[in-house]
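A structural model of the following input is requested.
(chains A and B)
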2 protein chains.
Amino acid sequence: MTTTADALSTTSTEQLDEQIRAARTAYERATEVPPRRRAEWLEAIASALEEHAGELVPLAQQETHLATGRLQGELKRTVFQLRFFADEIVRGEHFAATIDHEDPSWGMGPRPDIRRVNEPLGVVGVFGASNFPFAFSVIGGDSASALAAGCAVVHKIHDGHYALAVRTGQIVTEALRAAGAPTSLFSTVTGRDAAQALVDHPLVRAIGFTGSPTGGRALFDRACRRPVPIPFYGELGSVNPVFVTEKAWTTRRDEILAGYANASTMGMGQFCTKPGLLFVPAFDDDEVTDVLRRELGTKPLTALLTPNLREAFDTALASVRALPQVDELISGDDAEAPRPTVLITTSEAVREDTTVLEREIFGPATVIVQYRSEGELAELASLLDGQLTATLQAEPDEQLTGLVGVLRDKSGRVLWNSWPTGVTVSYAQHHGGPYPATTAPATTSVGTASIGRFMRPVAYQSFPEGQLPPALREANPWAIARRVDGHRTQN
Amino acid sequence: MTTTADALSTTSTEQLDEQIRAARTAYERATEVPPRRRAEWLEAIASALEEHAGELVPLAQQETHLATGRLQGELKRTVFQLRFFADEIVRGEHFAATIDHEDPSWGMGPRPDIRRVNEPLGVVGVFGASNFPFAFSVIGGDSASALAAGCAVVHKIHDGHYALAVRTGQIVTEALRAAGAPTSLFSTVTGRDAAQALVDHPLVRAIGFTGSPTGGRALFDRACRRPVPIPFYGELGSVNPVFVTEKAWTTRRDEILAGYANASTMGMGQFCTKPGLLFVPAFDDDEVTDVLRRELGTKPLTALLTPNLREAFDTALASVRALPQVDELISGDDAEAPRPTVLITTSEAVREDTTVLEREIFGPATVIVQYRSEGELAELASLLDGQLTATLQAEPDEQLTGLVGVLRDKSGRVLWNSWPTGVTVSYAQHHGGPYPATTAPATTSVGTASIGRFMRPVAYQSFPEGQLPPALREANPWAIARRVDGHRTQN
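Residues are numbered from 1 along each chain as shown, chains lettered A, B, ... in the order given. Now for the predicted structure:
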């Protein structure tokens, strides 16, 4: 366990091995725990975070440069998420408990009694993201869903908010201890060697990751190459295109530009769902530039999250700006807290060189693509890589079946006249998408459905009632939602 | 499309590319089809198979040497499965449709209207297995579930039953055509080059596979190495251990031996769920051998499925027989239709060299492991690799929490006083398990849950009613099962 926040200490592989073994023991001790008890552990963490908000938010502000209000909101979301998951596991939806009673007249021949339930995977490795120091870090979505599933978590701290992460880890560990959870159910590690060893360790059964396409792919490959491969739930990158129809552009151009300026600069454009591409009808007046400049001018400026990220931002921006048919509509600057840049190109140019469609510029810069005709949009969308989100700005009466079909195929979430940066935590949320948006397009890292990633079904055939796990007993002692002989029972 | 059954023709990669593109077009044409219509396509295939049973079963018998009764049962199961899936998609459980209405008072801040539904992946590649020429081949579980999900299927024919596969493919294609499904929604390919190109093709979005650990791992690695990796649902190998308690052994030894002899020789031991390891208390009388020899003597003998499989069987059996502390309890022979072999060893030997626990002998041979004390069982079980199944033979009043816990962790299905060879197709079935049993332990290749493997969630945010897919419309036009604001609605 990392205990000092004074220096960037790193976990040795021996120490990591010890922590993972301890986590495995904790996981095993917790397997028989009823969901109500596990929910109390999540609640204990939530309360502890609330209690320490006054300490954590300034620490986060200091390390990430993100605004206090934004960080308070993020912490609120993180706390809400823990309580929401606590409620969900008491309902028991995540067990997907399914019971088929013995049926001698079953169509293919006599059916034995067979019952299936999701069981937690074991020890899970979670990598913290730099851009959400609470919601996608130490006790963010991946850790919360893994704990809710019944797993133990070994969290790899992101160096970008090291002191905050160490302190958050201590608070989580102490809250779990006080709530009576097994020791080592949650712990933190640091450093690159520990990161790789975490992915390789035989007792680690899944990885949750949010980060860069390059780093993420390297770890995904590592997880696949193991003697026993494990699932790698990686969120890598997304340009989050926005498509504005001709009619919407005519009807409410300035409103759309304001929304876009706002969404693309939130948190200095360091959101995985930042809209990075805006497809609009070709325009040749200066009003657009004026509106955008005015809107962007109202946004607060801060330094980027880390020096590494700043370097990557400068490189990505320079590479896109250098493309032959890309121009600068609004120039940013090289200040420590850089003003936003808006580049502009055309649909013809994008067809000739698709770099603009593929390259995420993580930070305060976006690209406007001017199209000649709305009929081009579905084809342009088909040139995109996999996305977390894709947004339509259209009028209510417009029929966009073709374009919606392509966007559904390309992304995890499609939005209509809204902006992708607010990702609500709910039952229906899906924060995922085809590669390279994520390495596991069938899964989400936000919302209750994220819990199931860290579970695996096991079927019990012809088991006596007393030997069945409680979730599958006839009497349904946990009063959870189940499917019995094909029919849903209400919880 | 393969059209001749006269010779082992192979599909060129150009031809494969053409088929995959045609499949993609068919998939796109079918995206708007309501589940009731898709169910009719499955029903049409089911009826066509029934209609051609008189032709297909003898063809299968000729190529696989499996008994006619067994093949008739397998075809019945395959037909049942298609109809069962048709019923399931009309209920709509596979959509996992989830609706969260707008909620201004949502705990983390105002929630927009957000709705999630599973969408089919696109074109799926399915590899036929040699040992179930109907149920895990051309239109077996993988193909049926992919079609039920809304995908198009390109099926790689197994050379072991080439003529049957070609003919089955023709029947399926014709049934789909007659039912009005888009052309090329289903097609077949042959040959090793086509197999590899199928895994590599950019338009292929998932692979279903049942086969050997070596071949399966090679294709899994290939799927992971793609620029855009795809899920590889591979079922590779399993020894399916059976644990007999001291009490059960004392109470009903002969019944257990009879059940074991039966299950381990079904289909000449060429079942993925064949019990290959029997853990029993140490014995030194000849009665056990006599009972086993008598039971095994009643089983019909046939040649193995293919010359390749026979060679692999001989090699695997020889390698296990050659282990220092493994003896022969009952000798088989080298006949074309070989008599079953039973090897015997001890728990001490197994601890020293775990090969016996790891090596699947696919065919009519099994290993008995004698233990000294029941207390050893949980530890012995912990030495096992991932399994499709693990079986307990115990008395009703026995408490085996420790052992059951290990078996749950090691396998996909745990059985109590039954045998793993009958895999019922139902809602609760889980035919899967930790690696190397499968490459995707969270998924099943049997039962209604198998449909979801070929789907991916997409969320729709703030969409107007008319633009939403029917599964998510407020009016629920398909009358499917959904979860609305956290609560299940009955279908």
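
distance check, A:Ala322 against A:Asp333.
When distance is defined by CB to CB, to the nearest Å, A:Ala322 is 18 Å away from A:Asp333. Heads up, the C-betas are built off the backbone N, CA and C, glycines and all.

what's the answer for A:Gly412, then?
Taking CB to CB, one finds A:Gly412 at 34 Å from A:Asp333.

A:Pro470: how many residues sit nearby?
Using other CB atoms under 10 Å in any protein chain shown, A:Pro470 has 17 neighbouring residues.

cool, and the one 3 residues further on?
As a burial measure, the neighbour count of A:Arg473 was computed by other CB under 10 Å and equals 17.

would you confirm that A:Val446 contacts A:Gln429?
Yes - A:Val446 lies in contact with A:Gln429 (CB atoms under 8 Å); the separation is 5.1 Å.

okay, and the common contacts of these two?
A:Val423 (CB atoms under 8 Å, 6 or more residues apart in numbering or on different chains).

which part of the stretch 251-400 of chain A gets nearest to chain B, residue-wise?
In the stretch 251-400 of chain A, the residue that lies nearest chain B is A:Pro396 (5.4 Å; CB to the nearest CB).

just the buried residues of stretch A:237-248, please?
For stretch A:237-248, the neighbour count (16 or more other CB atoms under 10 Å in any protein chain shown) marks A:237-246, A:248 as buried.

now the residues you listed in a markdown table, with pLDDT and secondary structure?
Listed next are the buried residues of stretch A:237-248 as a markdown table, based on pLDDT from 0 to 100; DSSP: H, G, I helix; E, B strand; the rest coil:
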| residue | pLDDT | secondary structure |
| --- | --- | --- |
| A:Gly237 | 93 | coil |
| A:Ser238 | 97 | coil |
| A:Val239 | 98 | coil |
| A:Asn240 | 98 | coil |
| A:Pro241 | 98 | strand |
| A:Val242 | 98 | strand |
| A:Phe243 | 98 | strand |
| A:Val244 | 98 | strand |
| A:Thr245 | 98 | coil |
| A:Glu246 | 97 | helix |
| A:Ala248 | 98 | helix |
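
and the furthest pair within those?
Spatially, the most separated pair among the buried residues of stretch A:237-248 is A:Gly237 and A:Glu246, at 29.7 Å (CB to CB).

A helix includes A:Val369, no?
No - judged by DSSP: H, G, I helix; E, B strand; the rest coil, A:Val369 forms no part of a helix; its state is strand.

contacts only, for it.
A:277-280, A:344-347, A:350, A:356, A:380.

restricted to helices, list those.
In helices, judged by DSSP state H, the following of those are found: A:347, A:350, A:356, A:380.

tell me the helices and strands packed up against the host helix or strand of A:Glu174.
Per DSSP states H and E, A:Glu174 falls inside helix A:162-178. Contacts defined by 3 or more CB pairs under 8 Å, 6 or more residues apart in numbering or on different chains; DSSP states H and E place helix A:162-178 against helix A:35-51, helix A:53-64, strand A:186-189.

turn those into TSV, including mean neighbour count.
Supplementary listing: the helices and strands packed on helix A:162-178 in TSV, determined by neighbours: other CB atoms under 10 Å in any protein chain shown:
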stretch	mean neighbour count
helix A:35-51	20
helix A:53-64	18
strand A:186-189	26
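
include distance to A:Pro477 and mean pLDDT when you put those into CSV, please.
As requested, those are arranged in CSV below (distance: least, CB to CB, whole Å; pLDDT from 0 to 100):
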stretch, distance to A:Pro477, mean pLDDT
helix A:35-51, 11, 98
helix A:53-64, 37, 97
strand A:186-189, 27, 98
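
taking the stretch 201-350 of chain A, what residue is nearest to chain B?
Closest point on the stretch 201-350 of chain A to chain B, by CB to the nearest CB, is A:Cys224, at 3.9 Å.

skipping adjacent residues, who's closest to that residue in space?
Nearest residue to A:Cys224, sequence neighbours excluded (CB to CB, 6 or more residues apart in numbering or on different chains): B:Cys224, at 3.9 Å.

for that neighbour, the count of nearby residues, please.
20.

so it, which state does it fall into?
helix.

okay but it is in contact with A:Arg222, surely?
No - B:Cys224 lies out of contact with A:Arg222 (CB under 8 Å); the separation is 10.6 Å.

quick check: buried residues in the helix ranked longest in chain A?
In chain A, ranked by residue count with DSSP H as the criterion, the top helix is helix A:68-91. Within helix A:68-91, the residues that count as buried by 16+ other CB under 10 Å are A:70-72, A:74-91.

could you check the angle it makes with helix A:53-64?
120 degrees (axes from the mean of the first three to the mean of the last three CA atoms, to 10 degrees).

after helix A:68-91, which helix or strand is next?
Next helix or strand after helix A:68-91 toward the C-terminus (DSSP H and E): strand A:98-100.

tell me the strands beside that next one, with direction?
Strand A:98-100 has its sheet partners listed here by DSSP bridges as strand A:114-120 (antiparallel), strand A:482-484 (parallel).

for the next helix-or-strand element following the first one, packing partners?
Moving toward the C-terminus from strand A:114-120, the first helix or strand encountered (DSSP H and E) is strand A:123-127. Other elements packing on strand A:123-127 under the criterion 3+ CB pairs under 8 Å, 6+ apart are helix A:13-30, helix A:141-149, strand A:152-156, helix A:192-200, strand A:204-210.
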